[in-house]
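Chemist: everything below, folded, please.
(chains A, B, C and D)
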There are 2 protein chains.
Amino acid sequence: MFIKNLPHKTVERLSQYRRALLMILSKDKTHVFSHEIAQMLHITPVQVRRDLMLIGYSGNLRKGYDIKELIELIGKIIDSERGQRVAVVGLGNLGKAFISYFKGKRSKLSMIAAFDVNPEKINRVFDGVPCYHINQMTEIIKQNNISIGIITVPAEQAPEIAEALVLSGIKGILNYTPKPLNVPAYVYLEEYDMITSLEKVAFFAKKNDERFK
Amino acid sequence: MFIKNLPHKTVERLSQYRRALLMILSKDKTHVFSHEIAQMLHITPVQVRRDLMLIGYSGNLRKGYDIKELIELIGKIIDSERGQRVAVVGLGNLGKAFISYFKGKRSKLSMIAAFDVNPEKINRVFDGVPCYHINQMTEIIKQNNISIGIITVPAEQAPEIAEALVLSGIKGILNYTPKPLNVPAYVYLEEYDMITSLEKVAFFAKKNDERFK
DNA sequence: GTAGACATGTTAATAAAATCACAACAACAA
DNA sequence: TTGTTGTTGTGATTTTATTAACATGTCTAC
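Modeler: Sure thing, here's the model as predicted:
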């Protein structure tokens, strides 16, 4: 399903809507109102309705949105029909954390492999995900048609890893190192840096504190 | 130092500018141009200049910006003069990852404590940070005047932890669980969810792939 | 039926963020 | 002196994201 130019933020929220909806599916409810979704995610009902409008979904005026239908539609939009395979590069604490978080989330994304250089980790399975030596990365990525890579190695190594991923034919990279990466335009890159986030919190916490004093 | 209403994104970038600048301080350079900073972070030079304008810093027309001065000024703006103390709640893989990342970053933020319920972790020190039982959280937070909390516990427990943090007098929370939290307005809350990020990458990777084919 | 309560869907308005475009200026070379 | 180059600083514009406002529709109560 194709919808032209879905805003970045909307894509993020769709992912969250889906998860929230999956959580309430169990509770024998079949429909949900925009204000209920909004409350779960602490955003406004208008925001929810606008997002759903953008993906062309219409709810029932009296009953709200059909939960199952909506979950399915979101899937059609954000998931790739044939699924996408993911690998984590760097099986340190963060790599492990990611795999654990990921586990059990059924979806079109599957975590196929981890890569590391530590001999104690290689050829072992962590939380269902096998770990290989980084030397084998290109080979395994191509073999398994892995299209998304998550970088959780030490910062200095990030650029070479990124380059290798790109050469292996990866389509998207999620970079958790503080080192900004350079990738060609046909590879989608998302970067997140914990320290920046923390400093941001620190700044606004301080500011808030002054304001409310 | 007070500057009214610095945009969120600018605050994030200031943190990154500072880190980038600290990295090049060593290399006997004393000045830097906006396009150099921009290149390091993969943004535009205009963006850099605009941000610096917002914090009221003026460079030298011919030499660029004085690195030391700029680092200092950024510190004056985003750091709290008396420093801020941080605690991690949940010493699982993610909690550990955060502490490791944090280590060695000199700054006005200090990582004071971790909390967990696992007896094997309690009363031990991980990467220089002592771990206590969650029961002691309020007490230790107050004692040490900790003002920022990072939540890395399993999602179900996040709301109660958040509430406890707020009651303990925390001023800012960084929530890594997928559970959206509710906090009073005087507490600054930042949320980040790895799965959402991954799904976003997956979506745009897929889209990019179609577009460039 | 018809008024009231309460949803959705959407256009319009506003706010936040990024970019464009260019004036102003310093150093240098001819 | 005068042009050339390459920079900063910033008003104007554009783009992206959010919020307001309200028309429209459906059920319920009377």
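
Chemist: stretch A:32-50 and DNA strand D, any residue contact?
Modeler: Yes: residues of stretch A:32-50 are located near DNA strand D by C-beta under 7 Å from any atom of the strand, namely A:43-44, A:46-47, A:50. The way it works is simple: take the backbone N, C-alpha and C, and place the C-beta from them, glycine included.

Chemist: show me these that map onto helices.
Modeler: Cross-referencing those against helices under DSSP state H gives A:46-47, A:50.

Chemist: so which residues of chain A form strands?
Modeler: Along chain A, counting by DSSP state E, strands occupy A:31-32, A:65-66, A:84-89, A:109-116, A:125-126, A:129-133, A:146-151, A:172-175, A:188-191.

Chemist: would you mind listing what in chain A touches DNA strand D?
Modeler: Checking chain A against DNA strand D by C-beta under 7 Å from any atom of the strand, the hits are A:7-10, A:43-44, A:46-47, A:50, A:61-62.

Chemist: and which of the residues you listed is nearest to residue A:135?
Modeler: Nearest to residue A:135 among the residues of chain A next to DNA strand D: residue A:8, at 35.2 Å, using C-beta to C-beta.

Chemist: which one is that closest one nearest to, not counting chain neighbours?
Modeler: Take residue A:8 and drop its neighbours on the chain: the residue closest to it by C-beta to C-beta, 6 or more residues apart in numbering or on different chains is residue B:200, 7.2 Å away.

Chemist: go through the ones in helices among the residues of stretch A:32-50 next to DNA strand D and name the one nearest chain B.
Modeler: residue A:47 (13.2 Å; C-beta to the nearest C-beta).

Chemist: any idea how far the closest residue to the closest one other than its chain neighbours lies from residue B:143?
Modeler: Spatial nearest neighbour of residue A:47, excluding adjacent residues (C-beta to C-beta, 6+ apart): residue A:38 at 6.8 Å. According to C-beta to C-beta, to the nearest Å, residue A:38 and residue B:143 sit 39 Å apart.

Chemist: between the two, who's got more neighbours?
Modeler: Using other C-beta atoms under 10 Å in any protein chain shown as the criterion, residue A:38 and residue B:143 rank with residue A:38 on top: 17 against 11.

Chemist: hmm, the more buried one is touching residue A:48, no?
Modeler: Yes: the pair residue A:38 and residue A:48 passes the contact test of C-beta atoms under 8 Å, sitting 5.0 Å apart.

Chemist: and the ones in helices among the residues of stretch A:32-50 next to DNA strand D, which are buried?
Modeler: For those, a burial check counting by 16 or more other C-beta atoms under 10 Å in any protein chain shown picks out residue A:47.

Chemist: in a markdown table: the ones in helices among the residues of stretch A:32-50 next to DNA strand D, plus pLDDT.
Modeler: A markdown table is the format used below for these (pLDDT from 0 to 100):
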| residue | pLDDT |
| --- | --- |
| A:46 | 97 |
| A:47 | 98 |
| A:50 | 98 |
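
Chemist: contacting residues around the closest residue to DNA strand D within chain A?
Modeler: Proximity of chain A to DNA strand D (C-beta to the nearest atom of the strand) peaks at residue A:7, 2.9 Å away. By C-beta atoms under 8 Å, 6 or more residues apart in numbering or on different chains, residue A:7 lies in contact with residue A:54.

Chemist: residue A:23 - how many residues pack around it?
Modeler: Count around residue A:23 with other C-beta under 10 Å applied: 13.

Chemist: tell me how far the closest residue to residue A:204 other than its chain neighbours lies from residue A:49.
Modeler: Excluding its sequence neighbours, the residue lying closest to residue A:204 (C-beta to C-beta, 6+ apart) is residue B:188, at 4.1 Å. Look at residue B:188 and residue A:49: by C-beta to C-beta, they are 28 Å apart.

Chemist: neighbour-wise, which of those two wins?
Modeler: With neighbours defined as other C-beta under 10 Å, residue B:188 and residue A:49 compare such that residue B:188 has more, 22 against 18.

Chemist: hey, what's that one bridged with?
Modeler: residue B:172 (DSSP bridges).

Chemist: could you chop chain A up by domain?
Modeler: A:8-77, A:84-196 (automatic domain parsing).

Chemist: and among the ones you listed, the most buried is which?
Modeler: The highest average neighbour count among these, using mean count of other C-beta atoms under 10 Å in any protein chain shown, belongs to domain A:84-196 at a mean of 19.

Chemist: and that one, does that touch DNA strand C?
Modeler: No: against DNA strand C, domain A:84-196 shows no contacts by C-beta under 7 Å from any atom of the strand, the least distance being 12.5 Å.

Chemist: endpoints of that domain, how far apart?
Modeler: Chord length of domain A:84-196, first to last residue, is 29 Å (C-alpha to C-alpha, to the nearest Å).
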